[in-house]
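> A predicted structure for the sequence below; I have some questions about it.
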Amino acid sequence: MNAALTQEQIDFFEENGYLRIERITTDEDIAEIKESYDRIFAERAGREDGNQFDLAGVDEDNEEASLPQILEPARYAPELNDSLLLQNADRICKQLIGEEPNCVVAHAILKPARHGSETPWHQDAAYWDPNIIARSISIWVPLQAATEENGCMLFVPGSHLLDVLPHRSIGDDPRIHGLELDPSAMEHVRGAVACPLPPGGCTLHGGYTLHYAGPNRTDEPRRALILAAFVDGPRRAKPISFPWQEEKRTKSAEKRRAAQSQRA
């Protein structure tokens, strides 16, 4: 199958900052991706590089992660780059932000059965260079049905028109990689829309769109693969900083710096 957006879908995305698509790839493709996904999480691939860590915890080696994440999963499962999913995601991203960016397999997030924690309300742009107004598309793909019980995505329509709001580390703990909307900005979370999906479906959102995924309360893991396309935009006329970035003291960042130093 060759996925493509209709003009109606493009208009909805531009108006609301997110889009739900019932089908972006085949069941066979999802089954193959799921096999690779489960393997790299079982191997804890990328941990020594700082690319595998607990997104919602302090990431102790001897503790079970509540929200394990792997950055750049195709480094550890190159076959993901040959997936029909990536081909279709790239085609869709080019419809939305032009021919320049190539879509990549950005990261994978696993919510373990019964204790996978929530992914708090946030904007992706809060993780990025504060002085670049970026254009981006994130494509969130569940590898099983995504429901409100196991942590499907929720979005605030129209929030893509906001600038980056105040954020903080989850639980206000700078040892934790993940970010959450600062309590002072929670007034912007209103009219949220849940987007349950079948396996092989997806959601799309921009970097400034407020989004959230709840905890996994079911007996099965909730697997999600995130693909993304990113284009640098103009620099801000007046430089700013994100204090929540400057305060970070995560073990994964230490590992990434050490791995980069060894390669230098």
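Thanks, I have the structure now.

> Quick one: residues contacting Pro166.
Neighbour list for Pro166: 181-182, 184-185, 244 [criterion: CB atoms under 8 Å, 6 or more residues apart in numbering]. Every residue, glycine included, has its C-beta placed from N, CA and C.

> tell me which strands and helices the longest strand anywhere in the chain is in contact with?
What stands out as the longest strand in the chain, according to DSSP state E, is strand 222-231. Under the contact definition 3 or more CB pairs under 8 Å, 6 or more residues apart in numbering; DSSP states H and E, strand 222-231 sits against helix 27-42, helix 84-97, strand 104-111, strand 135-142.

> Okay, buried residues for the one helix or strand in the chain whose mean pLDDT sits lowest please.
Least confident helix or strand, the chain: helix 251-263 with a mean of 81, by mean pLDDT, DSSP states H and E. By 16 or more other CB atoms under 10 Å, the buried positions in helix 251-263 come out as 251-252, 255-256.

> Can you list the low-confidence ranges for this protein?
263-264 (pLDDT under 70).

> Next, name the residue at the spatial heart of it.
In the chain, the C-alpha nearest the mean C-alpha coordinate belongs to Ile226, at 5.3 Å (CA atoms, centre = their mean).

> Do a quick rundown of the helices in the stretch 101-250 of the chain.
Secondary structure of the stretch 101-250 of the chain (DSSP state H, counting those that start in this stretch): helices located at 243-246.

> ranges for the strands of it?
104-111, 119-122, 135-142, 153-155, 167-169, 179-181, 193-195, 202-205, 211-213, 222-231 (DSSP state E, counting those that start in this stretch).

> Partner strands of the second one and their direction?
The one in question is strand 119-122. Sheet pairing for strand 119-122, assigned by DSSP bridges, gives strand 211-213 (antiparallel).

> Now do the partner strand: distance to the chain's middle.
Remark: strand 211-213 is offset 10 Å from the chain centroid, using CA atoms, centre = their mean, to the nearest Å.

> With stretch 64-76 instead?
11 Å.

> Could you list the buried residues of that stretch?
Applying 16+ other CB under 10 Å to stretch 64-76 flags 65-71, 73-76 as buried.

> List the ones among these that fall in strands.
Among the buried residues of stretch 64-76, the members found in strands (DSSP E) are 68-71.

> what's the closest of the residues you listed to Cys152?
Cys152 lies nearest to Gln69 out of these, by CB to CB, at 17.4 Å.

> Okay, and the beta partners of the closest one?
Bridge pairing for Gln69 (DSSP bridges) gives the partners Phe53, Ile109.

> where's it relative to Ala31, distance?
The spacing between Gln69 and Ala31, counted by CB to CB, to the nearest Å, is 22 Å.

> can you check Ser83 too?
The separation that Ser83 has from Ala31, given CB to CB, amounts to 11 Å.

> do the same with Met1
Remark: distance between Met1 and Ala31 (CB to CB) = 15 Å.

> that older thread, now do the buried residues in the longest strand of the chain.
For strand 222-231, using 16+ other CB under 10 Å, the buried residues are 222-230.

> returning to what we had before: quick check: the farthest pair among the ones in strands among the buried residues of stretch 64-76?
Every pair of those checked by CB to CB; the farthest is Pro68 and Leu71, at 11.3 Å.
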